[in-house]
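Undergrad: Structural data only, the sequence is not supplied:
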DNA sequence: AGTTATAAATGAACCGATTCATTAGCTCCA
DNA sequence: TGGAGCTAATGAATCGGTTCATTTATAACT
């Protein structure tokens, strides 16, 4: 059967060197595209490699060279709609540059984030892109500052001199809130996610700015924060709509809670558009194809992924670039049928 | 600045050994829970490790031990709705067992699949779970048979003696088709994905079985296969609905094409339920919350991910288990408002 | 021709763990 | 008391590459 014998007679640089009649170091230089190797010798070595079916052992390379050609990405959860676009594009850019993507989920727990950073260090990961549950968490910040490899923050606040890519959630929330206020809504319910993290905080800022600009004072009882899952969104929506004086509009200001809200509205027999105006904090097939289609904040997650990977690669190359660069992708409001002028 | 110095004074087994006053080999045995080490010494070594802040270098471990504690997962595309559930659960199981997940997308190209297998080999990846674009592809099959580590197929046909986890797409398609036929539909349009791969083939089988059971002969012009993206689904739907004798039902028999179909129907002003009955090949928020809600085939992707990881772990442990195990998760049909008796 | 400068190739040492043949230390018993 | 039988600890060799000080070959110049 010989099931999974590995050790046995795999071809090594030594064998290639012997076959090509050159020194081991020369084979290595060919592998690494060193300039000081003549074309003739390079070809002879390459022929020997092809002939013997040589495959370089990345582990051994990492061992000596100190770099693993691994880049890690750690986010709260994989199944956030459209976030896959970020990962997909980042992976493509990284693969193009010869790196492999390592994926992990933090499940929104700082201790897991710390453990992951340590695991990445032990693996000699060359670069990390990640979200954080709580930018202020002391131990996480300490772990970040002790990380021997560059770390890029995904949609998080500035920390020390780390690079970051973000979406302009403040702008998005301001547009969305302004739109609802413009339609005459005054009782606007808002669901936001974890306020310990940048996106929710920015959205709240945008919200306040829009209120201030309109000279309207929001009702704090209509704000539900730290809503983290579709299930919690369901419960929050149900409780909001059961208030004696229920909201006329609902702003679902997070990436993955729209389903829960719509389910609650449906259960309660409240019609989107007619009974309540709804804005989604991120666009999706669901928002677009709902009846009526749902007004949503949109931004280019694929571009974010590309930029994140590109910036991280630059940093990993150790180029002389200023530290703590930030890149923000703009957000826009796509107005659809779910938002209408307030009744009467 | 000392930006990312790594080399400098990291703690090694050597240092721990000196600090604890033991041999290097003893430190290694403590690290690996070897039974032949006294409690007293173990504690002394552990104290030294804690004191020095020692972290084992996984690369060096892989170098010598031959295993990397990496498991790779390669699928067509990350942004298939709900597929994230598979990955999420698999990663959780693997992490629990001390493995790290490596992620890559094949973009549905056999040459990429072959390149990935080679990359995994070079990294000494301990196990692989993947889909295949074309189970019959000669070079891919050769690459699979030459893989030195166990490979588990995700939702693919039996190949050699590889383990596999699948969903019972045949059953799902049979239920869906039977349901439509039972409602009186005779002109049922079907969109399936890549027929070179197991899921589409099984769905077509289930389809044929349902037709045969009902004694009905399908119109081959209503079948569109190798529809791979939302955009192609849009075009296929538009073309089908433009036929002189358009279908009365549409079975979207794939994981990620529902959005495209619904977009086409909306553009053409065709009402789901009234104008055409629709069945989705996989369930989603979109299917559930659409108006009307869309009848869908559902199965437990999270369970699939768990099983895949568990089976692969067993195989990696080299346990004496029969080769070529297969696990199939059942599918069910969730009947909703989008499927109605055929008009007149 | 002789000297120097330059370019190309060599191969031993090294990266940081694990492994295993060997040694040290004990216990037990004739 | 001495030897057999064990268990626990030791540390040199090893994994498969890369690196760099050194050697060798070639070109350039006086």
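TA: Arrived safely, thanks for sending. Quantities reported herein were computed from a predicted structural model and do not represent experimental measurements. Numbers count the residues shown, from 1 in each chain, chains lettered A, B, ... in the order given.
Undergrad: alpha carbons only for contacts and neighbour counts from here, please
TA: Noted.
Undergrad: can you give me the strands in chain A?
TA: Secondary structure of chain A by DSSP state E: the strands cover A:70-75, A:100-105, A:127-130, A:151-154, A:163-167, A:188-192, A:223-224, A:249-253, A:277-280, A:295-298, A:326-329, A:332-334.
Undergrad: Neighbouring strands of the shortest one in the sheet, and parallel or not?
TA: Looking back up the chat, that one is strand A:223-224. Here strand A:223-224 is paired, per DSSP bridges, with strand A:188-192 (parallel).
Undergrad: Identify the residues contacting the strand it pairs with?
TA: Contact with strand A:188-192 is made by A:180, A:200, A:203, A:218, A:222-227, A:233, A:236, A:240, A:247-254, as judged by CA atoms under 8 Å, 6 or more residues apart in numbering or on different chains.
Undergrad: cool, stretch A:166-180 as well?
TA: With contacts defined as CA under 8 Å, 6+ apart, stretch A:166-180 is touched by A:154-156, A:188, A:199, A:202-211, A:214, A:249, A:251, A:253, A:279, A:281, A:296-299, A:304, A:326-333, A:339.
Undergrad: okay, now the closest residue to residue A:241 other than its chain neighbours: neighbour count?
TA: Among residues not flanking residue A:241 along the chain, residue A:247 sits closest, at 6.8 Å (CA to CA, 6 or more residues apart in numbering or on different chains). The number of residues packed near residue A:247 is 21, by other CA atoms under 10 Å in any protein chain shown.
Undergrad: thinking again about what came up before, make a ChimeraX selection of whichever of the contacts of strand A:188-192 turn out to be buried.
TA: Applying 16 or more other CA atoms under 10 Å in any protein chain shown to those, the buried members can be selected in ChimeraX as follows:
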select /A:180,200,203,218,222,223,224,225,227,233,236,240,247,248,249,250,251,252,253,254
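Undergrad: could you list every residue that touches the closest residue to DNA strand C within the stretch 51-200 of chain A?
TA: Here the stretch 51-200 of chain A gets closest to DNA strand C at one residue, residue A:64, 3.3 Å apart by CA to the nearest atom of the strand. Contact criterion CA under 8 Å, 6+ apart gives no residues in contact with residue A:64.
Undergrad: Against residue A:13, how distant is it?
TA: Distance of residue A:64 to residue A:13, computed by CA to CA, to the nearest Å: 14 Å.
Undergrad: and the residue nearest to residue A:241, backbone torsions?
TA: As for residue A:247, its main-chain torsions (degrees, to the nearest 10) stand at phi -70, psi 160.
Undergrad: Tell me the predicted confidence for residue A:77.
TA: For residue A:77, the model assigns a pLDDT of 87.
Undergrad: Just the pLDDT at the nearest residue to it once chain neighbours are set aside, thanks.
TA: The shortest distance from residue A:77 to any non-neighbouring residue, by CA to CA, 6+ apart, is to residue A:105 (5.3 Å). Residue A:105 is assigned a pLDDT of 91 by the prediction.
Undergrad: How many neighbouring residues does residue A:317 have?
TA: 10.
Undergrad: same question, residue A:268
TA: As a burial measure, residue A:268 scores 13 neighbours (other CA under 10 Å).
Undergrad: Ok, residue A:267 next?
TA: Burial of residue A:267 is recorded as 11 neighbouring residues (other CA under 10 Å).
Undergrad: and it, how far is that from DNA strand D?
TA: In this view, residue A:267 and DNA strand D are 61 Å apart by CA to the nearest atom of the strand, to the nearest Å.
Undergrad: how close does that residue sit to residue B:42?
TA: From residue A:267 over to residue B:42 (counting by CA to CA), the distance is 60 Å.
Undergrad: likewise residue A:238?
TA: Counting by CA to CA, the gap from residue A:238 to residue B:42 is 56 Å.
Undergrad: domain ranges for chain A?
TA: Listed domain ranges for chain A are A:13-56, A:66-166+A:301-328, A:169-298 (source: automatic domain parsing).
Undergrad: can you put the ones you listed in a markdown table and add distance to residue B:192?
TA: Shown next, in a markdown table, are the domains of chain A (distance: least, CA to CA, whole Å):
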| stretch | distance to residue B:192 |
| --- | --- |
| domain A:13-56 | 39 |
| domain A:66-166+A:301-328 | 23 |
| domain A:169-298 | 20 |
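Undergrad: can you redo those as TSV with distance to DNA strand C?
TA: Putting those into TSV (distance: least, CA to the nearest atom of the strand, whole Å) gives the following:
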stretch	distance to DNA strand C
domain A:13-56	3
domain A:66-166+A:301-328	7
domain A:169-298	34
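Undergrad: Which one of the ones you listed lies nearest to residue B:147?
TA: domain A:13-56 (12.7 Å; CA to CA).
Undergrad: First-to-last residue distance for the closest one?
TA: With CA to CA as the measure, the ends of domain A:13-56 fall 8 Å from one another.
Undergrad: how many other residues sit next to residue A:232?
TA: The number of residues packed near residue A:232 is 16, by other CA under 10 Å.
Undergrad: I meant residue A:320, not that one.
TA: As a burial measure, residue A:320 scores 8 neighbours (other CA under 10 Å).
Undergrad: Enumerate the residues of the stretch 151-300 of chain A near chain B.
TA: Within the stretch 151-300 of chain A, the residues that sit near chain B (CA under 8 Å from any CA of the partner chain) are A:259, A:262, A:263, A:285, A:286, A:289, A:290, A:291.
Undergrad: Nearest to residue B:86, out of those residues: which one, please.
TA: Taking CA to CA as the measure, residue A:259 is the one of these closest to residue B:86, at 19.6 Å.
Undergrad: Check the gap between whatever residue of the stretch 151-300 of chain A ends up closest to DNA strand D and residue A:166 for me.
TA: Residue nearest to DNA strand D within the stretch 151-300 of chain A (CA to the nearest atom of the strand): residue A:151, separated by 22.3 Å. Going from residue A:151 to residue A:166 by CA to CA gives 14 Å.
Undergrad: Sounds good, over and out.
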